[in-house]
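Asks: below is the structure, and that's it, no one-letter string:
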Ligand code: SF4
Ligand code: SF4
Ligand code: SF4
């Protein structure tokens, strides 16, 4: 078996995830739509420890396609066979709309090695509804959480989602540190 065709173990995944910054996509979006046109000191971001997964992030953004998306922190994820962020409670452990929580099919489940599965997000499909976040926080490790994506956000002076957020999770943060990420020692 060649080096490239070896099965990827969970430890390799964790190691690679750490090396890559642990998160899908965020490393690619240091810039923001707002930053392209004007210099800003502060931007909006969600505190993942305060978010109540209410669903308003999907519907209150002024953009038709919300600037809020879910991210996956692989350092925290347990690569569960039954992922409570992916499956409906009591569902058959098989991919399929009837078994999945995500209304848009934005999460892909991939077998790694018994009994581990990897869950990745297709950002183009994610609407920021937080259903997966709620399931993962309630019954899993909380590795899925919402972030305002700064390649999309207009950095409105009055963020419409912040005004509708029931838990005060929207914060102003420095533009040069625009993400509020979970920590492995505090999931
Ligand atoms: S359940 Fe909602 S927040 Fe989670 S991936 Fe699907 S669309 Fe995005
Ligand atoms: S600042 Fe504007 S564009 Fe950004 S998340 Fe809030 S409502 Fe959406
Ligand atoms: S509006 Fe607030 S509580 Fe609701 S999903 Fe968005 S950040 Fe979380």
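Replies: Good, I have the coordinates. Just so we're clear, the structure is a prediction, and the values are computed from it rather than from any experiment. Ligands and ions are numbered 1, 2, ... in the order given.
Asks: stretch 52-63 and ligand 1, are they touching?
Replies: No. Stretch 52-63 lies out of reach of ligand 1 by CB under 6 Å from any ligand atom, never closer than 6.9 Å. The way it works is simple: take the backbone N, C-alpha and C, and place the C-beta from them, glycine included.
Asks: which residues sit in contact with the residue lying closest to residue 91 once chain neighbours are set aside?
Replies: Using CB to CB, 6 or more residues apart in numbering and skipping residues adjacent in sequence, the residue nearest residue 91 is residue 99, 3.8 Å away. Neighbouring residues of residue 99 by CB atoms under 8 Å, 6 or more residues apart in numbering: 87-88, 91-93.
Asks: what two of those residues have the greatest distance between them?
Replies: Using CB to CB, the pair of those lying farthest apart is 88 and 93, separated by 10.8 Å.
Asks: got the residues of this protein near ligand 1?
Replies: Close to ligand 1, as judged by CB under 6 Å from any ligand atom, the chain has residues 70, 101-102, 104, 106-107, 121, 126-132.
Asks: mind showing which ranges of the chain have poor pLDDT?
Replies: 1-38, 186-187 (pLDDT under 70).
Asks: could you list the buried residues of stretch 40-54?
Replies: By neighbour count, with 16 or more other CB atoms under 10 Å as the criterion, the buried positions of stretch 40-54 are 43-46, 48, 51, 53.
Asks: what does it rub up against?
Replies: Contacts for stretch 40-54 (CB under 8 Å, 6+ apart): 32, 34, 57, 68, 130-131, 133-134, 137, 145-148, 150, 153, 155-156, 159, 162, 165-175, 178-182, 186.
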